[in-house]
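Colleague: coords please:
(one chain, ligands or ions: 1)
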Amino acid sequence: MKHLIVVSVLVIAVTAVLILGLTAADLTPQLASEEGQYVDLMFHAQTYVIAFFFSLVIVLMLYSVVVFRRKPGDTSEGPNVKGNTPLEITWTVVPLIIVMGFGVWGAGHLAEITTRQADDLAVKVTGFQFGWSFEYPDYNVTSSELYLPVGRQVSFSLTSRDVIHSFWVPEFRIKQDAVPGQWTSLLVTPDVVGDYRVRCAELCGYAHSAMYAPVVVVEPDAFEAWIAGQEVASPPTGEMTLADKGKALVQEQGCQGCHSIDGSALVGPTWLGIFGREVELEDGSTVAADDTYLRNSILDPNSQIVAGFPGIMPPYGGVLSDEDVAAIIEYIKSLNE
Ligand code: CUA
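Modeller: Predicted coordinates for the structure are as follows:
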């Protein structure tokens, strides 16, 4: 009886210390979606249950090791314990009930966060090595940044152009795979204005760890203003210059996931001022970045790899037409002005 009381007190004390420690450690980043509240609630509840069972096992084990250890000079055999049926039933049934309880509780929350609202905002997400492209079908806008209005459910449809990626904004808590040849879906209701980041949560190649895209959650009127600005930035097809068309293609294909237009080096070389420059290649030779070089670098990028960059760009021969390539080159040239 004395042992039982001491162990019970120790288990409660260690559980309390663990829960306090885990709470202080602040395991989750800022929460910024309605769906995430359910995730956090269950995550914390499970963490507390785990803290209790961890304490139960560790305290019992260490207590037994210390208190029931062999005393000096004691050479007798220990008691021959053959099992304890009530104990075994208890430690099978109790965890079973807890796990099933979490299952039922979680299924209820899952049903709640996968219910589509009538006024949801549709966004098509395309993942590719190594970046993201976002299309707003209701507005005819495509962007490399994910702008979202606060307080409105967003219905994401996700796919991939090459391998499996996973769309994850840690502040929203939930994530979904982007699979080539399939459309998957994810519902998120952002509820805190702020800047976040999409990460890729599926190991997808060389620059997986750099596969980011900015997420900007704004007030609804600021969202409308952004959409209007994007629509102005992309004039109707008839009035587009070749460079405009190139810019639209670049956004659609998500080229800027790897190639910046501000001079910074990402996974690939920047496009700023590239046209007409001498480019040093991996084999030490140099080549002038003219039309032919740019065209070749888009259609068959691995035939001329720029020094200091990995040869990981997918070839766009068969993806882009000659006209598309000409438009993109025109856009690259326009960056020099
Ligand atoms: Cu895409 Cu990792």
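
Colleague: what's across from the residue nearest to residue 253 when sequence neighbours are not counted in the sheet?
Modeller: Spatial nearest neighbour of residue 253, excluding adjacent residues (CB to CB, 6 or more residues apart in numbering): residue 133 at 7.3 Å. C-betas here are computed from N, CA, C, even on glycine. With DSSP bridges as the criterion, residue 133 is bridged to residue 126.

Colleague: ok, residue 133 - contacts?
Modeller: Residues in contact with residue 133, defined by CB atoms under 8 Å, 6 or more residues apart in numbering, are 125, 126, 142, 143, 144, 251, 252, 253, 254, 257.

Colleague: mind giving me the PyMOL command for buried ones among these?
Modeller: Buried residues among the contacts of residue 133 (16 or more other CB atoms under 10 Å), as a PyMOL selection:
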select buried, resi 125+126+142+143+144+251+253+254+257
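
Colleague: what's the pLDDT at residue 58?
Modeller: At residue 58, the pLDDT value in this model is 94.

Colleague: same question but for residue 272, I mixed them up
Modeller: pLDDT, residue 272: 88.

Colleague: gap between the nearest residue to residue 273 once chain neighbours are set aside and residue 320?
Modeller: Closest residue in space to residue 273, ignoring its immediate chain neighbours: residue 336 at 5.8 Å, by CB to CB, 6+ apart. For residue 336, the distance to residue 320 equals 21 Å [CB to CB, to the nearest Å].

Colleague: and the two? Which one has more around it.
Modeller: Using other CB atoms under 10 Å, the more surrounded residue of residue 336 and residue 320 is residue 320, with 17 against 12.

Colleague: tell me where the protein has strands.
Modeller: Under the criterion DSSP state E, strands of the chain are mapped to 121-128, 131-136, 141-143, 146-149, 154-160, 165-168, 175-178, 184-188, 194-200, 213-218, 278-280, 286-288.

Colleague: can you tell me which of the contacts of residue 133 lies closest to the ligand?
Modeller: residue 257 (9.8 Å; CB to the nearest ligand atom).

Colleague: the closest one and residue 124: what is the separation?
Modeller: Distance, residue 257 to residue 124, by CB to CB: 16 Å.

Colleague: ok so, going back, can you lay out the strands of the chain as JSON lines showing mean pLDDT and distance to the ligand?
Modeller: Conversion of those to JSON lines gives the following (pLDDT from 0 to 100; distance: least, CB to the nearest ligand atom, whole Å):
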{"stretch": "strand 121-128", "mean pLDDT": "93", "distance to the ligand": "6"}
{"stretch": "strand 131-136", "mean pLDDT": "90", "distance to the ligand": "9"}
{"stretch": "strand 141-143", "mean pLDDT": "85", "distance to the ligand": "18"}
{"stretch": "strand 146-149", "mean pLDDT": "94", "distance to the ligand": "15"}
{"stretch": "strand 154-160", "mean pLDDT": "95", "distance to the ligand": "8"}
{"stretch": "strand 165-168", "mean pLDDT": "96", "distance to the ligand": "3"}
{"stretch": "strand 175-178", "mean pLDDT": "94", "distance to the ligand": "8"}
{"stretch": "strand 184-188", "mean pLDDT": "94", "distance to the ligand": "14"}
{"stretch": "strand 194-200", "mean pLDDT": "94", "distance to the ligand": "3"}
{"stretch": "strand 213-218", "mean pLDDT": "93", "distance to the ligand": "11"}
{"stretch": "strand 278-280", "mean pLDDT": "87", "distance to the ligand": "27"}
{"stretch": "strand 286-288", "mean pLDDT": "88", "distance to the ligand": "30"}
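
Colleague: show me which helix runs longest in this protein.
Modeller: Counting residues, the longest helix found in the chain (DSSP state H) is helix 34-67.

Colleague: list the buried residues in that one.
Modeller: 34, 35, 36, 38, 39, 49, 51, 52, 55, 56, 59.

Colleague: which residues of the stretch 151-300 of the chain score low on pLDDT?
Modeller: For the stretch 151-300 of the chain, applying pLDDT under 70 flags the ranges 233-238.
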